[in-house]
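Student: give me the fold of what follows.
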Amino acid sequence: MKKRELLFSIPRKDFRLEFFRSGGKGGQHQNKTESGVRIVHLESGAVGESRDERSQHANRKKAIQRLVEHPNFKKWLKVKAAEKLGILADVEKEVEREMSEENLVVEVRENGRWVRTK
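Tutor: Predicted coordinates:
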């Protein structure tokens, strides 16, 4: 069996954790304790929030799950993994090559008509 290797880790300092009174069902318990949890990933702007459970620990777990499922976080994760694997540099070179002047057509509107510039 092939041994897995850690590609990268995301330290806690990359997140902002917020705790708040969740209110709603649960009555006095939820109104007195800060069981609601919001986790923000600072680089991607993704947010995971939970106030469903009575315990802060359970809400923290749900908030992390929701953060990981957020589209912004998924996009950030793919870019970060591509950087670590060295794939992103290849893609950037490919884009530079495709965006060279001989591959681009620039047109401007003059007197109601589109005219190519060179």
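
Student: what about stretch 51-61, how long is it end to end?
Tutor: In stretch 51-61, first residue to last residue: 11 Å (Cα to Cα, to the nearest Å).

Student: report the mean per-residue pLDDT for that stretch.
Tutor: For stretch 51-61, mean pLDDT rounds to 90.

Student: may I see the buried residues of that stretch?
Tutor: By neighbour count on 16 or more other Cβ atoms under 10 Å, the buried set for stretch 51-61 is 51, 53, 56, 59-60. Heads up, the C-betas are built off the backbone N, CA and C, glycines and all.

Student: and stretch 39-49, by the same measure?
Tutor: Quick answer for stretch 39-49 (16+ other Cβ under 10 Å): 39-41, 44, 46-49.

Student: how many residues are close by Ile64?
Tutor: Neighbour count of Ile64, defined by other Cβ atoms under 10 Å: 15.

Student: could you list every residue that touches Gly45?
Tutor: Asn72 (Cβ atoms under 8 Å, 6 or more residues apart in numbering).

Student: now swap in the one 5 residues further on and tell me
Tutor: Contact partners of Ser50, counting by Cβ under 8 Å, 6+ apart, are 36-37, 58-63, 66.

Student: just to revisit the earlier point, could you dump the buried residues of stretch 51-61 into CSV and include secondary structure?
Tutor: Putting the buried residues of stretch 51-61 into CSV (DSSP: H, G, I helix; E, B strand; the rest coil) gives the following:
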residue, secondary structure
Arg51, coil
Glu53, coil
Gln56, helix
Asn59, helix
Arg60, helix
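
Student: nearest to Lys2, of those residues?
Tutor: Taking Cβ to Cβ as the measure, Lys2 sits nearest to Arg60 out of these, at 32.7 Å.

Student: which non-adjacent residue is nearest the closest one?
Tutor: In space, and not counting its chain neighbours, Arg60 is closest to Val37: 4.7 Å by Cβ to Cβ, 6 or more residues apart in numbering.
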